[in-house]
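>>> Sharing a model prediction with you, sequence too.
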Amino acid sequence: MDIFRGLKAYYWQDKPFLLGSVLGLAAATALGLIYPLLLRRLIDDMIVPGKYDGVLALALLAVGIVVIKAGCQYVHGFCGGRLGNRLAYRLRNGCYSKLQELSFSFYDTARTGDLMSRLTADIEGIRNFIGFGMAQLMNTAFLVLFGFSVMFFLDWQLTLITLSVIPVLGYVAIRFEQQIHPVFRAIRSAVGRLTVSVQENVTGVRTVKSFAREPFEVKKFSGNNEEYREKHLEIAGVWAKYFPVMEFIANFSVALLLLVGGWRVIAGHLTLGDLVAMSSMLAIIVAPLWTLGFQINGYTMSKAAGERLLELLNQPIAVRNSEHCLVLEDGSTGGHLRYDDVHFRYGSRDDQPAALTGFDLDVPPGSVIGLLGGTGSGKSTAVNLLLRAYDVTEGAITLDGVDIRHIELESLRRHMAIVFQESFLFSTTIKENIAYGCPDATMEDIEEAARLAKADDFIRELPQGYETVVGERGMGLSGGQKQRIAIARAFLRKPKVLILDDSTSALDMETEQEIQQSLREVMKGRTTFIIAHRISSLMHADEIVVLDRGHIVQRGRHDKLLRQPGLYRETYKIQFADRPEQLDSYALDSVSVLGRKVTG
């Protein structure tokens, strides 16, 4: 029950509905136990002595009980439905809010399909059990308690004989739950893997088809589907083994009652009405005992689902606000950044290779910093640390002299805007995608941002212009168009710190040059980080930092770096190999000429 105690916050505030559901079902059950007593009176007081005057009144009483019982069942259904739906509503909101709070490190390993499975199938399993299954399980306990109490009143000796098989039934039920719970947990995980397979295939359908890998994907899905099928067959095997045993024990108690009870009636120790009442009572008790396996089955399913939900809800948040953190007001920051001997490695293991080592960088307000290096050199890591996507392992990053770990996350990120290499667009209008970071922006501001990003022309050519709805992840637009919309989204925010993570990689050279001109306008007075593989994107930077395996190997302006042997000059030679006359000399004067030629 630890799982349901862990989820108590999501349903306990609706305890009136929980109480109403349980009491409604308990009352309906208690009323149902009156029927055997009515039969006892009918037989012993009316049929046997031949006095039929009270039959009509007895029948009307039975009808009245039926009506009241129906009302109690309505209360149970109404309260149970409300309880389950409110629980599911809060759980979905709670899980979704948790997903928004979790740090980037969680999403480095999380699988989208598995998370979707938790927020749908697992929550549905909990909803069904808390809303109805829990009341049914408690009702079975009430039924056994009330029913055997009445039977004990009628004939305690016969009741004790009948009760002798109940401990055996309880033992079998407990063994059943112990065997089936691990299987249900495996099934929940298998559902998550199935969902992941479908989600990844649909998302990457273009890649699958372009490589003609449909047979491979079908085989991969079939493997996951086969695992799911085998787990269900395993459950069917457990059911096949335990359900007949439980049904046999329940029916054996009925046979035992009839055998011993019949003998006691013949011996004159028990009336016929008492035997009929006790046999009817036992039939009412045995009916839910037959379904005890299904109730345990529902409990076990919900328990497995609850474990997965609590695993998500209790997931530690790696990056969070510190106590008494500083809230940055709009316009309160100058944009002076400093990396002070920053070290960082992904993961918590010491044997993980360092992504950044001894990273020192002073960034005055309004300056433009270029980051150049190969894949895995630490360029994106440096700006991710600035956003506090992760916290530094050693050292510190300061904004206007304040350690960013002491600044409220939301206000820190509100003063920054980033354009990632892989542009993401939401399944909504282009206007809403551009205004995502500034929902109160006017249409004029949105259009101006689009013009600066060289996106206004192609947007206006679309059938519905800015009201055009883009497909999932921006389907229907080219890579360059998506990137320009993402750039416009960052421009509209007018951040104090602008981060461009290889944001022009999907653009042609002409469009890139046009956007570079717009960038110079936008970057005025803003601290800017430009990550790029093209040197042409970095030439105008106030300082270029060259990274290799997490270490700074070169730093300086474009002209200075061209005069130094090293990675920057080698990269320049490769990228401008089609202009051999520009590679003969690295003297300062000729570099200046080169800079004018390239930028012109």
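Looks like it arrived, so ask away.

>>> going forward, measure contacts and count neighbours with C-alpha atoms only.
Fine.

>>> what element comes up after the longest helix that the chain contains heading to the C-terminus?
Longest helix in the chain by number of residues (criterion: DSSP state H): helix 214-266. Next helix or strand after helix 214-266 toward the C-terminus (DSSP states H and E): helix 272-290.

>>> So which residues of the stretch 1-150 of the chain form helices?
Using DSSP state H, counting those that start in this stretch, the helices found in the stretch 1-150 of the chain span residues 2-6, 8-11, 15-32, 34-41, 55-101, 104-107, 112-117, 123-128, 134-154.

>>> May I have the first one exported as PDB, CA atoms only?
Output of helix 2-6 as PDB, limited to C-alpha atoms (Å, rounded to 0.1, in the frame of the first residue of the first chain):
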ATOM      1  CA  ASP A   2       3.100   2.300   0.000                       C
ATOM      2  CA  ILE A   3       2.300   3.100  -3.600                       C
ATOM      3  CA  PHE A   4      -1.100   4.500  -2.800                       C
ATOM      4  CA  ARG A   5       0.200   6.300   0.200                       C
ATOM      5  CA  GLY A   6       2.700   8.000  -2.100                       C
END
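
>>> Show me how far that helix is from its chain's centre.
Centroid separation between helix 2-6 and its chain, computed with C-alpha atoms, centre = their mean, to the nearest Å, is 19 Å.

>>> can you list the residues that contact that helix?
K303, G306, E307, L310 (C-alpha atoms under 8 Å, 6 or more residues apart in numbering).

>>> now swap in the fourth one and tell me
When contacts are taken as C-alpha under 8 Å, 6+ apart, the neighbours of helix 34-41 outside the stretch itself are L58, A62, L272, G273, D274, V276, A277, M278, S280, M281.

>>> Thought E311 was touching C95, still the case?
No: with contacts counted by C-alpha atoms under 8 Å, C95 stays clear of E311, the gap being 10.4 Å.

>>> Compare neighbour counts for these two and give me the winner.
C95 (20 against 11; other C-alpha atoms under 10 Å).

>>> Next one: that one from A287, what distance?
Separation of C95 from A287 (C-alpha to C-alpha, to the nearest Å): 38 Å.

>>> mind checking the SS state of P365?
Classification of P365 by DSSP: H, G, I helix; E, B strand; the rest coil places it in coil.

>>> Now G366. Its backbone dihedrals?
Per-residue torsions, G366: phi 80, psi 0 (degrees, to the nearest 10).

>>> And it, how close does it get to T333?
For G366, the distance to T333 - C-alpha to C-alpha - is 12 Å.

>>> more neighbours, these two?
Higher neighbour count among G366 and T333: G366, with 19 against 15, using other C-alpha under 10 Å.

>>> so what's the more buried one up against?
G335, M523, K524, G525, R526, T527, T528.

>>> Please tabulate those residues in JSON lines, including the columns distance to Y242.
Shown next, in JSON lines, are these (distance: C-alpha to C-alpha, whole Å):
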{"residue": "G335", "distance to Y242": "69"}
{"residue": "M523", "distance to Y242": "72"}
{"residue": "K524", "distance to Y242": "75"}
{"residue": "G525", "distance to Y242": "75"}
{"residue": "R526", "distance to Y242": "71"}
{"residue": "T527", "distance to Y242": "69"}
{"residue": "T528", "distance to Y242": "68"}
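
>>> Quick check: of those, which has the highest neighbour count?
T528 (29 neighbours).

>>> So what pairs up with it in the strands?
V368, L498 (DSSP bridges).

>>> so how far is V522 from it?
Distance from T528 to V522, counting by C-alpha to C-alpha: 10 Å.

>>> Name the residues contacting each of these two.
Listed contacts common to T528 and V522 are nil; contacts here mean C-alpha under 8 Å, 6+ apart.

>>> ok, back up a step: the helices of the stretch 1-150 of the chain: which one's closest to H324?
Of all the helices of the stretch 1-150 of the chain, the one in closest proximity to H324, counting by C-alpha to C-alpha, is helix 55-101 (18.5 Å).

>>> for the stretch 451-600 of the chain, what spans make up the strands?
497-501, 527-531, 543-548, 551-556 (DSSP state E, counting those that start in this stretch).

>>> any idea of the mean pLDDT for the first one?
Along strand 497-501, the predicted confidence averages to a pLDDT of 87.

>>> Report the distance from that strand to the chain centre.
Taking C-alpha atoms, centre = their mean, the mean C-alpha location of strand 497-501 is offset from the chain mean by 29 Å.

>>> other SSEs contacting it?
Under the contact criterion of 3 or more C-alpha pairs under 8 Å, 6 or more residues apart in numbering; DSSP states H and E, strand 497-501 touches strand 416-419, strand 527-531.

>>> Just the pLDDT for S585.
For S585, the pLDDT comes out at 47.

>>> got the buried residues for stretch 303-316?
Within stretch 303-316, the residues scored as buried using 16 or more other C-alpha atoms under 10 Å are K303, A304, A305, G306, E307, R308, L309, L312, L313.

>>> and the fifth one, backbone torsions?
Listed backbone geometry of E307 is phi -60, psi -40, with angles given as degrees, to the nearest 10.

>>> Can you name the residues that contact it?
I3.

>>> Pull up the gap between it and A186, please.
12 Å.

>>> same check, this time on the first one
Computed as C-alpha to C-alpha, the K303 to A186 distance reads 12 Å.

>>> The nearest residue to V392 once chain neighbours are set aside bridge partners, please.
Distances taken as C-alpha to C-alpha, 6 or more residues apart in numbering put F344 closest to V392, at 5.3 Å, once the chain neighbours are dropped. Residues in a beta bridge with F344, per DSSP bridges, are L356.

>>> For F344, report the pLDDT, please.
92.

>>> before we move on, what about A250?
Confidence score, pLDDT, at A250: 77.

>>> By mean pLDDT, show me the worst of the helices and strands packed on strand 497-501.
Least confidently modelled of those is strand 416-419, at a mean of 86 by mean pLDDT.

>>> What are the contacting residues of it?
387, 486-487, 490, 493-503.

>>> Quickly name whichever of those is closest to R569.
D502 (19.6 Å).

>>> Can you get me a residue count around the residue nearest to the closest one when sequence neighbours are not counted?
Of all residues not flanking D502 in the chain, A532 sits nearest, at 4.6 Å (C-alpha to C-alpha, 6+ apart). The number of residues packed near A532 is 22, by other C-alpha under 10 Å.

>>> Would you agree A532 is in contact with D501?
Yes: between A532 and D501 a contact is recorded at 6.8 Å, counting by C-alpha under 8 Å.

>>> right, and the helix or strand after the helix or strand containing L371?
Element membership for L371 (DSSP H and E) is strand 368-373. As assigned by DSSP H and E, the chain's next helix or strand after strand 368-373 is helix 379-386.

>>> helices or strands next to that following helix in the packing?
Going by 3+ C-alpha pairs under 8 Å, 6+ apart, helix 379-386 lies up against strand 368-373, strand 527-531.

>>> closest one to Y89 among these?
strand 527-531 (41.9 Å).

>>> For stretch 22-40, what is the spacing between the initial and final residues?
28 Å.

>>> Could you do stretch 336-352 as well?
Using C-alpha to C-alpha, the distance between the terminal residues of stretch 336-352 is 31 Å.

>>> So which bits of it are buried?
H336, L337, R338, Y339, D340, V342, H343, F344, R345, Y346.

>>> Can you tell me which helices and strands the host helix or strand of the third one packs against?
It stands for R338. R338 belongs to strand 337-344 when assigned by DSSP H and E. The contact analysis (3+ C-alpha pairs under 8 Å, 6+ apart) places strand 337-344 against strand 356-363, strand 394-399.

>>> With only the CA atoms kept, save it in CSV.
The C-alpha trace of strand 337-344 is given here as CSV (Å, rounded to 0.1, in the frame of the first residue of the first chain):
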residue,chain,number,x,y,z
LEU,A,337,29.4,37.4,-18.2
ARG,A,338,32.4,35.5,-16.9
TYR,A,339,33.5,31.9,-16.9
ASP,A,340,35.8,31.3,-14.0
ASP,A,341,37.9,28.1,-14.3
VAL,A,342,34.8,26.1,-15.3
HIS,A,343,35.0,22.3,-15.4
PHE,A,344,32.1,20.1,-16.4
